[in-house]
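Peer 1: Got a predicted structure plus its sequence, pasted below:
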Amino acid sequence: MFDIPRNMKLLHQGEEELHERSVALIASHRDLSDHLALVERAMDVLDVLRQHHQANDDERTVSHLAIRCFNHFAGSWKLTASGYYQAAALLLRDVVETTYLINAFHIDPTHIAMWRTADRKTKKALFAPAAVRKRLDADMGVARSRREQIYATFSSLAGHPSVEGFAMLRPMGMDAHNGPFLDPTALRALLKELGKLAAQTGHAFCAFLDLSKPAAAQVAHRFIALAMDYSGLYLGHSYTDEERSEVDRLYSEITET
């Protein structure tokens, strides 16, 4: 019988120890726990699409992109908790790109089939990240939004080899570290980005849910309710009790029909 190399076992052991320490740190800070809670709710939305959004090729396309985001959220959480912060951020850049694409599909659903069947030249012209961002900005009526800055930041810190990215390889006040490490500042930063992105991704994919299905309506309601709380606490936009009650009423009507 063949065995796993000793150093690979030791590396995994170290990762698991860091995971336990990260979980303990999260459990002692409400904000860290809140970020992770919204990620879970967004992943529930993505999973419902996998289960109930399969009627045709367009629905399966959206469902498969939801699976991609689900796996990247799961992978980014695993890497964050295990001390691989740059690798975790790399996965989040892909979620950013996929979320923008899904937003573009919602604006014009005919683009789903176009994207799915496009040749390389057409995909580059119409669906490259920059082209998608430009289309979303135009729909908002702005020349340039923060989308480009967000994507560029993830690219610089994690997506491409760069001097700026070296900062994610070292614990605070120390030199670059080979392998995983626990840094509370980096942990908080990654969880914050996970939470903010979960809010965007959850909303983007919620737009494709068939709310006539009880499971989809329930998951959407749970996500929206927590996202409203999260927005007031961490995104600078609070919702009134009346607005929250209206959301609850609408979802109650949906489940009763």
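Peer 2: Thanks, I have it.
Peer 1: Now do the contacts for the closest residue to residue 159 other than its chain neighbours.
Peer 2: Spatially, and ignoring its direct neighbours in sequence, residue 159 is nearest to residue 93 (4.8 Å; C-beta to C-beta, 6 or more residues apart in numbering). (Glycine included, C-beta is placed from N, CA and C.) Neighbouring residues of residue 93 by C-beta atoms under 8 Å, 6 or more residues apart in numbering: 151, 154, 155, 158, 159.
Peer 1: does the residue nearest to residue 21 when sequence neighbours are not counted count as helix, strand or coil?
Peer 2: Distance criterion C-beta to C-beta, 6+ apart; nearest residue to residue 21, sequence neighbours excluded, is residue 182 at 5.5 Å. In three-state terms, and counting by DSSP: H, G, I helix; E, B strand; the rest coil, residue 182 is coil.
Peer 1: Count the neighbours of residue 182 for me.
Peer 2: Using other C-beta atoms under 10 Å, residue 182 has 17 neighbouring residues.
Peer 1: Quick one: residues contacting it.
Peer 2: For residue 182, the contacting residues are 18, 21, 22, 25, 83, 171, by C-beta under 8 Å, 6+ apart.
Peer 1: Low-confidence ranges, the stretch 151-257 of the chain, go.
Peer 2: Low-confidence segments of the stretch 151-257 of the chain (pLDDT under 70): 257.
Peer 1: which residues in it form helices?
Peer 2: Here the stretch 151-257 of the chain has its helices, by DSSP state H, counting those that start in this stretch, at 184-206, 214-230, 241-256.
Peer 1: most neighbours per residue, which of those helices?
Peer 2: helix 184-206 (a mean of 21; mean count of other C-beta atoms under 10 Å).
Peer 1: Return the list of helices and strands in contact with it.
Peer 2: Helices and strands touching helix 184-206, by 3 or more C-beta pairs under 8 Å, 6 or more residues apart in numbering; DSSP states H and E, are helix 6-27, helix 30-52, helix 57-82, helix 85-107, helix 214-230.
Peer 1: now those as CSV including distance to residue 186?
Peer 2: Formatted as CSV, these follow (distance: least, C-beta to C-beta, whole Å):
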stretch, distance to residue 186
helix 6-27, 10
helix 30-52, 12
helix 57-82, 8
helix 85-107, 5
helix 214-230, 21
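Peer 1: can you pick the most crowded of the contacts of residue 93?
Peer 2: The residue in the contacts of residue 93 with the most neighbours, by other C-beta under 10 Å, is residue 154 (22 neighbours).
Peer 1: how about the helices of the stretch 151-257 of the chain in a markdown table, adding distance to residue 165?
Peer 2: Shown next, in a markdown table, are the helices of the stretch 151-257 of the chain (distance: least, C-beta to C-beta, whole Å):
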| stretch | distance to residue 165 |
| --- | --- |
| helix 184-206 | 13 |
| helix 214-230 | 28 |
| helix 241-256 | 40 |
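Peer 1: Please identify which of these is closest to residue 118.
Peer 2: With C-beta to C-beta, the closest approach to residue 118 among the helices of the stretch 151-257 of the chain belongs to helix 184-206: 20.6 Å.
Peer 1: so which of the helices of the stretch 151-257 of the chain comes closest to residue 137?
Peer 2: Closest to residue 137 of the helices of the stretch 151-257 of the chain, according to C-beta to C-beta: helix 184-206, at 15.0 Å.
Peer 1: Using PDB, write down the CA coordinates of that closest one.
Peer 2: Provided in PDB are the C-alpha atoms of helix 184-206 (Å, rounded to 0.1, in the frame of the first residue of the first chain):
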ATOM      1  CA  PRO A 184      -6.400  38.100  12.700                       C
ATOM      2  CA  THR A 185      -6.300  41.100  10.500                       C
ATOM      3  CA  ALA A 186      -6.200  39.100   7.300                       C
ATOM      4  CA  LEU A 187      -8.800  36.700   8.600                       C
ATOM      5  CA  ARG A 188     -11.200  39.700   9.300                       C
ATOM      6  CA  ALA A 189     -10.500  41.200   5.900                       C
ATOM      7  CA  LEU A 190     -11.200  38.000   4.000                       C
ATOM      8  CA  LEU A 191     -14.400  37.300   6.000                       C
ATOM      9  CA  LYS A 192     -15.600  40.800   5.400                       C
ATOM     10  CA  GLU A 193     -15.000  40.400   1.600                       C
ATOM     11  CA  LEU A 194     -16.800  37.000   1.800                       C
ATOM     12  CA  GLY A 195     -19.800  38.600   3.400                       C
ATOM     13  CA  LYS A 196     -20.000  41.600   1.100                       C
ATOM     14  CA  LEU A 197     -19.700  39.400  -1.900                       C
ATOM     15  CA  ALA A 198     -22.300  36.900  -0.600                       C
ATOM     16  CA  ALA A 199     -24.800  39.800  -0.400                       C
ATOM     17  CA  GLN A 200     -24.200  40.600  -4.100                       C
ATOM     18  CA  THR A 201     -24.100  37.100  -5.300                       C
ATOM     19  CA  GLY A 202     -27.100  36.000  -3.300                       C
ATOM     20  CA  HIS A 203     -29.200  38.900  -4.700                       C
ATOM     21  CA  ALA A 204     -27.900  38.200  -8.300                       C
ATOM     22  CA  PHE A 205     -29.000  34.600  -8.300                       C
ATOM     23  CA  CYS A 206     -32.200  35.200  -6.300                       C
END
